[in-house]
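In: Curious how this folds, go ahead:
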Amino acid sequence: MFTGIIEELGTIERVEHTADAARVTVRGPLAVEGVAHGDSIAVSGVCLTVVEFDTERFTADVMAQTLAMSTLDAAREGLAVNLERAARVGDRLGGHIVQGHIDGTAQVLEIRPGEAWRVVRFSLDPAHAPLVVDKGSIAVDGVSLTVSAVGDEPGGSWFEVSLIPETLTATTLGERIAGDRVNIETDIVARQVARMLRFAPGWEAEPEARPNSVIGFQAAPLSQQPSAPQPTAPQFTEPQPTTGGAA
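Out: Model prediction:
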């Protein structure tokens, strides 16, 4: 598990492609401090397993599915990447719960600069749109961010984030321009709730979200939902007089 707080800007030093995978070597002196074989390191939001390392760099294998779903398919020597070591029990959760299991990629649609900050708009796959909410959390290239706006237009869904100076300088997001691709991971809590609602009694899956739906799932009509038991007034019985007494 990760928190989305980037520890270091690393650099890809080598990429070796095979028929259905790749092996990448990343320079990151801080990321390899205390690392062991088999540890997890998030590389621009993608959880990778360390298979080799020294005091300056580590090597990890990237399988075909990960290449197809992430920006690592375009990894090249000299490319800057965000690095974060796996969180430990007792660490501060400065961002939000990030698994390193990305949902796919998004494209930078627009950048609106401010005096010291930027608002960046990203495209959003329709399948992921119900999972992204205003003021919710999302990981972009491994960076924990707060969603500042969401929208659905004829051209597609989108979301925006506001980047402070620290984020612009400490992560690769400061280098992004319109047209660039980024890795995104939606909030795991939203994904779990969506999955549970799909199988919850009284809910049925709908191909598209409707105005009165919740994260893309439509409630069954009231006529089809089980009725709740009606409360009944308590019944009282008058005490009956008794005859005789105890011996």
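In: Let me see the domain layout of this protein.
Out: Listed by automatic domain parsing, the domain ranges of the chain are 8-85, 104-187, 192-223.
In: Columns mean neighbour count on top of the ones you listed, output as JSON lines?
Out: Where C-beta positions appear, they are placed from N, C-alpha and C, glycine not excepted. Shown next, in JSON lines, are those (neighbours: other Cβ atoms under 10 Å):
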{"stretch": "domain 8-85", "mean neighbour count": "17"}
{"stretch": "domain 104-187", "mean neighbour count": "17"}
{"stretch": "domain 192-223", "mean neighbour count": "12"}
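In: wait, which of the ones you listed is closest to Gly95?
Out: Smallest distance to Gly95 across the domains of the chain (Cβ to Cβ): 2.7 Å, for domain 104-187.
In: quick one: average pLDDT of the closest one?
Out: What domain 104-187 shows for mean pLDDT is 95.
In: likewise stretch 54-61?
Out: Mean predicted lDDT for stretch 54-61 stands at 97.
In: who does the residue nearest to Val132 when sequence neighbours are not counted bridge with?
Out: Once flanking residues are discounted, Val132 sits nearest to Phe159: 5.1 Å by Cβ to Cβ, 6 or more residues apart in numbering. Using DSSP bridges, the bridge partners assigned to Phe159 are Phe122, Val150.
In: Against Asp73, how distant is Phe159?
Out: In this view, Phe159 and Asp73 are 23 Å apart by Cβ to Cβ, to the nearest Å.
In: now Asn82
Out: Going from Asn82 to Asp73 by Cβ to Cβ gives 17 Å.
In: Mind naming the longest helix for the chain?
Out: Identified as the longest helix of the chain according to DSSP state H is helix 188-199.
In: what's it packed up against?
Out: Secondary-structure packing of helix 188-199 (3 or more Cβ pairs under 8 Å, 6 or more residues apart in numbering; DSSP states H and E): strand 217-219.
In: ok, the residue nearest to Ile164 when sequence neighbours are not counted - contacts?
Out: Leaving out its chain neighbours, the residue that sits closest to Ile164 by Cβ to Cβ, 6+ apart is Trp117, at 5.5 Å. Contact analysis of Trp117 by Cβ atoms under 8 Å, 6 or more residues apart in numbering lists 162-165, 168.
In: a markdown table for those, including secondary structure?
Out: What follows is these, written out as a markdown table (DSSP: H, G, I helix; E, B strand; the rest coil):
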| residue | secondary structure |
| --- | --- |
| Ser162 | strand |
| Leu163 | strand |
| Ile164 | coil |
| Pro165 | helix |
| Leu168 | helix |
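In: Now do stretch 155-171: everything it contacts.
Out: Residues outside stretch 155-171 that contact it (Cβ under 8 Å, 6+ apart): 6, 9, 82, 109, 116-126, 129, 132, 138, 140-141, 143, 145-152, 173-174.
In: do that again at 7 Å, thanks
Out: Residues outside stretch 155-171 that contact it (Cβ atoms under 7 Å, 6 or more residues apart in numbering): 6, 82, 109, 116-124, 126, 129, 132, 138, 140, 143, 145-151, 173-174.
In: got the end-to-end distance for it?
Out: End-to-end distance for stretch 155-171, by Cα to Cα, to the nearest Å: 29 Å.
In: returning to what we had before: which phi and psi does the residue nearest to Ile164 have?
Out: Main-chain dihedrals, Trp117, degrees, to the nearest 10: phi -140, psi 170.
In: how much space between it and Val81?
Out: Remark: distance between Trp117 and Val81 (Cβ to Cβ) = 23 Å.
In: With Glu115 instead?
Out: Distance from Glu115 to Val81, by Cβ to Cβ: 28 Å.
In: now the strands: where do they sit in this protein?
Out: Secondary structure of the chain (DSSP state E): strands at 8-17, 21-27, 40-43, 46-53, 57-63, 80-85, 104-113, 118-124, 137-140, 143-153, 156-163, 181-186, 203-205, 217-219.
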